[in-house]
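K.L.:
Below are the sequence and a predicted model; questions follow.
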Amino acid sequence: MTRDELAALSCEPRKGPGDAVDASRTRELLTLLPGWQAADDGKSIAKTFRFANFHETLGFVNAIGWMANRQDHHPDLEVGYNRCVVHWSTHDVGGLSMNDFICAARVEAIAQG
């Protein structure tokens, strides 16, 4: 699978530990997402994006918000003047699901314009 193929997938409802992605699969999927790292003891993935100014940062945040609403899967965002840290996890599975990796791949597409 490529990052583009991952980004072309759509999020689905994920509930319970049966929909969780294990550590081995997490490592495999992270190879498709340069710069993304496991965080919170493997219960989330995160990446910091940097921008020239607040205007660019806010445009990026708004694009993520639009995508997240369409996928019905929402990140935690830390926003500053010229940076945004994006965190994905799936609370309903108590860690990571495929939805997190799908959305991370979509964020990469947004970041690349």
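P.N.:
Structure's in. What do you need? Residues are numbered from 1 along each chain as shown.
K.L.:
Around residue 62, count how many other residues there are.
P.N.:
11 (other CB atoms under 10 Å). Where you see a C-beta, it was placed from the backbone N, CA and C, and this is true even at glycine.
K.L.:
ignore the last one, residue 47
P.N.:
Residue 47: 19 neighbours (other CB under 10 Å).
K.L.:
Is it correct that it is in contact with residue 38?
P.N.:
No: counting by CB atoms under 8 Å, residue 47 does not reach residue 38; the two are 11.0 Å apart.
K.L.:
could you pull out the helices for the chain?
P.N.:
In the chain, the helices defined using DSSP state H lie at 3-8, 23-30, 54-71, 98-111.
K.L.:
Return the last one as CSV; C-alpha atoms alone will do.
P.N.:
The C-alpha atoms that make up helix 98-111 are tabulated as CSV, following Å, rounded to 0.1, in the frame of the first residue of the first chain:
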residue,chain,number,x,y,z
MET,A,98,-7.1,2.5,10.6
ASN,A,99,-9.0,5.8,10.7
ASP,A,100,-6.0,7.5,12.3
PHE,A,101,-3.7,6.4,9.5
ILE,A,102,-6.2,7.3,6.8
CYS,A,103,-6.6,10.8,8.2
ALA,A,104,-2.8,11.2,8.7
ALA,A,105,-2.3,10.4,5.1
ARG,A,106,-5.0,12.9,4.1
VAL,A,107,-3.2,15.5,6.2
GLU,A,108,0.0,14.8,4.3
ALA,A,109,-1.9,15.5,1.1
ILE,A,110,-3.2,18.8,2.5
ALA,A,111,0.3,19.8,3.6
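K.L.:
ok and it relative to helix 23-30, angle-wise?
P.N.:
20 degrees (axes from the mean of the first three to the mean of the last three CA atoms, to 10 degrees).
K.L.:
which strands and helices sit next to helix 98-111?
P.N.:
helix 3-8, strand 44-50, helix 54-71, strand 83-88 (3 or more CB pairs under 8 Å, 6 or more residues apart in numbering; DSSP states H and E).
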